[in-house]
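Engineer: Predicted model follows, preceded by the sequence.
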Amino acid sequence: MTQKTVNYAEVLYQLGIASETVAETKRLFLDNPVLLEALTSPVVDRDTKKRIIDKVFPKQICNYLKTICGNNGIPLIYQICDEYVKIKNREDDILQATLYYVTMPTEAQKKGMEEFLCKEHGKKSVELLMVKREELIGGFIIRTGDREYDWSILGRYNSLRQKLVMR
């Protein structure tokens, strides 16, 4: 992440633009790669780029997009949106975590994991991204930033194998 990206995301957060609007903007760019191409192309003039932004994107974010477009920041839009989410979660005291699983956990199990993570990291709430991974064989892995909690069968197998090789 470059400092320019972080600065753009910080400004986006300080403008008070809703996270739904930022997510919608990212989705529009992902669903329409031609948009990114048009807004970064030196062949397309500034006025045309502004008209495209006005027609396609939510009104709340148009001025911001026009500004970063004028400063050649559009190629960073995916990273800006991702950094915005990190800033928003940090300010709202929300922990982002990824849960890799073989079988979908029950609501009670999910709630238990969230409570554990809140207590462990001193956060108010947890936002869990769920990812199915058959190769774990069983159990689950939770990743939060730089920490990993591995309760998978594959992880236990690898740990046991490493201990046996060390002998």
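Structural biologist: Alright, I've got the coordinates. Since we're looking at a predicted model, the values are computed, not measured. Numbering: from 1, shown residues only.
Engineer: CA atoms for contacts and neighbours, from now on please.
Structural biologist: Will do.
Engineer: tell me the secondary structure for Met104?
Structural biologist: Three-state call for Met104 (DSSP: H, G, I helix; E, B strand; the rest coil): coil.
Engineer: what sits against it?
Structural biologist: Contacts for Met104 (Cα atoms under 8 Å, 6 or more residues apart in numbering) come out as Lys132.
Engineer: And it, how far from Arg133?
Structural biologist: With distances taken as Cα to Cα, to the nearest Å, Met104 is found 10 Å from Arg133.
Engineer: If you count contacts, what does the helix or strand hosting Asn7 end up packed against?
Structural biologist: For Asn7, the element it lies in under DSSP states H and E is helix 3-14. Helix 3-14 is packed against helix 77-91, with contacts defined by 3 or more Cα pairs under 8 Å, 6 or more residues apart in numbering; DSSP states H and E.
Engineer: what domains does the record give for the protein?
Structural biologist: Taking automatic domain parsing as the reference, the chain has its domains at 3-88, 94-166.
Engineer: Export those domains as a markdown table, with columns for mean pLDDT.
Structural biologist: Supplementary listing: these in a markdown table, determined by pLDDT from 0 to 100:
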| stretch | mean pLDDT |
| --- | --- |
| domain 3-88 | 95 |
| domain 94-166 | 94 |
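Engineer: Now do the phi/psi pair for Thr106.
Structural biologist: Dihedral angles of Thr106 (phi, psi; degrees, to the nearest 10) stand at phi -70, psi 170.
Engineer: What number of residues are in the vicinity of it?
Structural biologist: As a burial measure, Thr106 scores 9 neighbours (other Cα atoms under 10 Å).
Engineer: Over to the one 4 residues further on?
Structural biologist: Residue neighbour count, defined by other Cα under 10 Å, stands at 14 for Lys110.
Engineer: Quick check: the gap between it and Tyr13.
Structural biologist: Note on Lys110: its distance to Tyr13, by Cα to Cα, is 29 Å.
Engineer: Same question for Lys123.
Structural biologist: Between Lys123 and Tyr13 the computed distance is 20 Å (Cα to Cα).
Engineer: what about the two, which has more around it?
Structural biologist: Neighbours per residue (other Cα under 10 Å) separate Lys123 from Tyr13, with Tyr13 holding more: 20 against 16.
Engineer: quick one: the strands in the protein?
Structural biologist: Per DSSP state E, the chain carries strands over the ranges 94-101, 125-132, 139-144, 147-152.
Engineer: what's in contact with the second one?
Structural biologist: Contacts of strand 125-132 from elsewhere in the structure, counted by Cα under 8 Å, 6+ apart, are 93-104, 114, 117-118.
Engineer: And those residues, which of them are buried?
Structural biologist: By neighbour count, with 16 or more other Cα atoms under 10 Å, those hold 94-102, 114, 117-118 as buried.
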